[in-house]
Each structure stands twice: as C-alpha cells, then as structure tokens.
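Asker: From the sequence below, what's the structure:
(2 chains)
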Amino acid sequence: MNLLNLYNFLEMYLVIGAFLFAIGFYGLLQRRSLVGMLIAAELILAGASVNFMAFNRFVAPDPTVGQIFTLFIMGIAAAEAAIALSIVIAVYRNYKSIDAEDLAELKG
Amino acid sequence: MIPLTLADVIYWFNALFTAEGLAGVVFLCMMATVVAGAVFAVTSARLIRSVTGLALCFIGVAGIYYFLNSPFVALMEILIYVGAVCITISFAIMLAEPRQEDQGGRKNAMLWPMSAGAAVLLFWGLTMLAGKAQWPAIPTRINNGSLEDVGISLLTTYSMVFELISLVLLVAIIGSIVLARAGRSKT
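Answerer: As a prediction, the model looks like this:
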C-alpha cells in the first residue's frame, strides 16, 4: 500500500468515515451550546454519508444506490438543521441562552 | 526509509509527477482538509469559528466524493452543506447571540476526558473492524453510476422515497416557520 495510491483502498475511506463519526460523537457529548451540538451532529451525518459512498464505489453491484442514499441523507440533514435552528431560536427567546445546561426547568 | 539515496529520490519524484501520483497528493490534501476542519469545528471556543471549520470539513468531504466517482454528489455536498446549512447555522448564531466568554466545553470537568476517551475508543474500534473485515470483491456492475442512471433509478425504483422526502421537506419548512414565529406575537 503506497502512500500515493491510498485513494484506491476501501479501508481508507472507512477510516475517514470513522474519524468523522468519532469526532462528531466527542463534540456532541462535550459541547455546551445547542448550536455546537448541532454542528457535531452534522459531522456524524457526514461520516455516515462517506461510509455509504465508499461501499457504493467498492462493493455495490448497483452504483446508484449509495449516491441516492447520500442525497437523501443530505435532504434529511437540511430539514434537521432547519427544525433544530428554529427550536434554538425559540429556546433563546424564552431563556435568553442557548446553553444546554440552562434548560433545566423540569428538573426536580 | 530514513537513509534516502538518490535513486529513491528519483523514484519518488517520478512517482509523484504522474496522473496517479498527483491524484494521490490531492487525495491526501482532501483528507487533511477533512481532519483539520472537523477538529476546528469541534474544539474551537467560538461558535462562528466552528461553523467555518464545518464548511472547510464539508469541502474536504466533497473532494472525497469526487474520488469516489460521483461528481454530482460532490457538487450537491458543496451546494447544500456549504451553501445552505452553514449559512443557516451562522444566521442562527447571529440571531441567538450566545455569550462570548463561555461557549466552550461543559461545566462538569470530568466530562471532556470521558467523552474524548469514548471517541478515541470508537475510532479505534471502527478502524480495526474496517481493517480486519473481508470485503467481497467488486461484483459486475449493472450500470456505471452516472448522473443519468441516478436520475432513472430516482424516478423508478426510489420514486416513493423521492415523494416522501419532498413531504418531509415541506413539513420541515412549515414547522420551522411555526416554531420560530411562536414566541414573537406574545412579547
């Protein structure tokens, strides 16, 4: 495995997908603000898309399936971002903060 | 590897300046872009900087899609993520105006080492799994995955899903308008 033809190996793309998933997981746990958590969730979705596209390129008999799946992931991610950001704005209007730890009104 | 002779230098020089070698260099640059953008998006303390990191990371992901034989999906990635999602997030940051000083990690000091450990464990496990697994060889393709084939199967095999996602997007548009307007009339 030469350094210059890494792009011909399925494992390399899987490693990139795993990296995006792991760093998004870290950000989702560690971020305090709701927008930061949304950014980390977008990274997780990007990791999933990279995995689908890699399998589509290397092992799929029908190479349109992975592309269509990735396009649908993009649509879902755009819808998710729109809904999440309007929830963030509604939360900011009520609490004057987008800190996830301030949303503790139901805490006993 | 360390004691480089002149023959090694000439070999690497010749390997670098071919079409495959330059493609490999571009691929390494795209990987570096993805990694740098993702690290920047997750670790920077200010939210507007992490949106910039997210955009950088998505440009790198689009380059990786280009290497996976799908230039259409790469263009869509730039159009939707860099052009729409990142802009929407930066609008939300401007509207919600978080405090500048404490946007970083959580108050609980134990949380970040634990989450970093969990993320490293996850990355290590998935990488080992990808290295160990035996993937089947490339089967015979029933088409070549071009944009035309994608369009044909979107309107035949996946037409139901195509309709459903338009419904989802419609509900998302109406729902976000309703949610964001809800508090405005009261105050």
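Asker: okay, now the residue lying closest to B:Asp149 once chain neighbours are set aside: neighbour count?
Answerer: Nearest non-adjacent residue to B:Asp149, counting by Cβ to Cβ, 6 or more residues apart in numbering or on different chains: B:Asn143, 4.3 Å away. Bear in mind the C-beta positions are built from the backbone N, C-alpha and C, glycine included. As a burial measure, the neighbour count of B:Asn143 was computed by other Cβ atoms under 10 Å in any protein chain shown and equals 14.
Asker: Am I right that B:Asn143 sits in a helix?
Answerer: No - for B:Asn143, which was evaluated using DSSP: H, G, I helix; E, B strand; the rest coil, the result is coil, with no helix membership.
Asker: mind listing what it touches?
Answerer: When contacts are counted by Cβ atoms under 8 Å, 6 or more residues apart in numbering or on different chains, B:Asn143 touches A:62-64, B:149.
Asker: Same check on A:Phe21?
Answerer: A:43-44, A:47-48, B:122-123, B:126.
Asker: Pull out the buried residues from these.
Answerer: In terms of neighbour count (16 or more other Cβ atoms under 10 Å in any protein chain shown), the buried residues within those are A:43-44, A:47-48, B:122-123, B:126.
Asker: for those, which one is nearest B:Ile165?
Answerer: Proximity of the buried ones among the contacts of A:Phe21 to B:Ile165, judged by Cβ to Cβ, is greatest for A:Ala48, which lies at 16.2 Å.
Asker: secondary structure class for the closest one?
Answerer: For A:Ala48, the reduced secondary structure class is helix; criterion used: three-state DSSP.
Asker: Next one: B:Asp149 from A:Val65, what distance?
Answerer: When distance is defined by Cβ to Cβ, to the nearest Å, B:Asp149 is 10 Å away from A:Val65.
Asker: By mean pLDDT, point me to the weakest helix or strand of chain A.
Answerer: Within chain A, no helix or strand scores below helix A:65-95, which has a mean of 91 by mean pLDDT, DSSP states H and E.
Asker: Pull the distance from it to the chain's centre.
Answerer: Remark: helix A:65-95 is offset 10 Å from the chain centroid, using Cα atoms, centre = their mean, to the nearest Å.
Asker: ok, and for that helix, which residues are buried?
Answerer: Under the neighbour-count rule (16+ other Cβ under 10 Å), helix A:65-95 has A:65-75, A:77-93 buried.
Asker: Over to stretch B:47-54?
Answerer: By neighbour count, and taking 16+ other Cβ under 10 Å as the criterion, the buried residues in stretch B:47-54 are B:47, B:50-54.
Asker: Now tell me what touches that stretch from outside.
Answerer: Contact with stretch B:47-54 is made by A:33, A:35-36, A:39, A:42-43, B:36-42, B:44, B:86, B:89-90, B:93, B:98, B:103, as judged by Cβ under 8 Å, 6+ apart.
Asker: rerun at 10 Å
Answerer: The set of residues external to stretch B:47-54 that reach it, using Cβ atoms under 10 Å, 6 or more residues apart in numbering or on different chains, is A:27, A:31, A:33-36, A:38-40, A:42-43, A:46, A:98, B:36-44, B:46, B:81-82, B:85-90, B:92-94, B:96, B:98, B:100, B:103.
Asker: hang on, the earlier thing: quick check, the least confident helix or strand of chain A touching chain B?
Answerer: Yes - applying Cβ under 10 Å from any Cβ of the partner chain, one finds helix A:65-95 touching chain B at A:65-72, A:74-94.
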